[in-house]
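Asks: When you get a sec, could you give me coordinates for this:
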Amino acid sequence: GERAAELPYMEAAPDGRLLIDAAPIVRFLVTRDRVVVETSLAADAPEWRASLLGPVLAIICYLRGALPLHASALRIGHRVAAFAGRSGAGKSTLAAALARRGHSLITDDICACIGFPGPPLVLPSYPGMKLSLASLDALARAAFEAGARLGFGFAQQRGHKSPRERGLAVERGRVTAPIR
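Replies: Now for the predicted structure:
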């Protein structure tokens, strides 16, 4: 059948291998302990890494017995709060705003849960967030306004820089920002 726009196509082989086809950018062959990547792009190209850290990571989690949720999760006090939803719903933006308030980010985009049937545990993932340019601008604007209200002049002292000038990876209109 026809593929939905920008969604990877997945095919399961009888032996359990999975082929994830995100053509024309990348194809992945996934097993429980191995991922084979086929792409004409450079090894460090952000265009194919988004698929690796999204749907492929979710499949690996599932194959290894974890429940993958499309969610961001933070430690708030002695508990974990996870925010699940569709792409573009604001999970990462909410997580970034809460992280700015001092809560620890555990994971963004793929939230792997283990420990069932007992109390669930959330596993940490790669140290980064997927934020749209609009979300980054809104978060930066809020930080500058809060700083100005507190008497800090950094909003006026710093010139505006693009995400690439700030050392962030831009892919398909989204920015992958490292967490420090």
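
Asks: only C-alpha atoms for contact and neighbour calcs from this point on.
Replies: Will do.

Asks: What distance do you get for Ala42 to Ile20?
Replies: Here the criterion is CA to CA, to the nearest Å. By it, Ala42 lies 19 Å from Ile20.

Asks: Where in this structure is the helix or strand with the lowest mean pLDDT?
Replies: Lowest by mean pLDDT, DSSP states H and E among the helices and strands of the chain is helix 154-157, with a mean of 41.

Asks: could you say what helices and strands the lengthiest strand in the chain packs with?
Replies: Longest among the strand segments of the chain by residue count, using DSSP state E, is strand 67-76. Judged by 3 or more CA pairs under 8 Å, 6 or more residues apart in numbering; DSSP states H and E, the packing partners of strand 67-76 are helix 57-63, strand 79-84, helix 91-100, strand 104-107, strand 110-114.

Asks: Can you say which of these is nearest to Ala138?
Replies: Relative to Ala138, the nearest member of those by CA to CA is helix 91-100, separated by 9.1 Å.

Asks: Show me the contact partners of that closest one.
Replies: Contacts to helix 91-100, defined as CA atoms under 8 Å, 6 or more residues apart in numbering, come from residues 71-74, 83-85, 105, 108-109, 129-131, 135, 139.

Asks: Having no further points to raise, I will conclude here.
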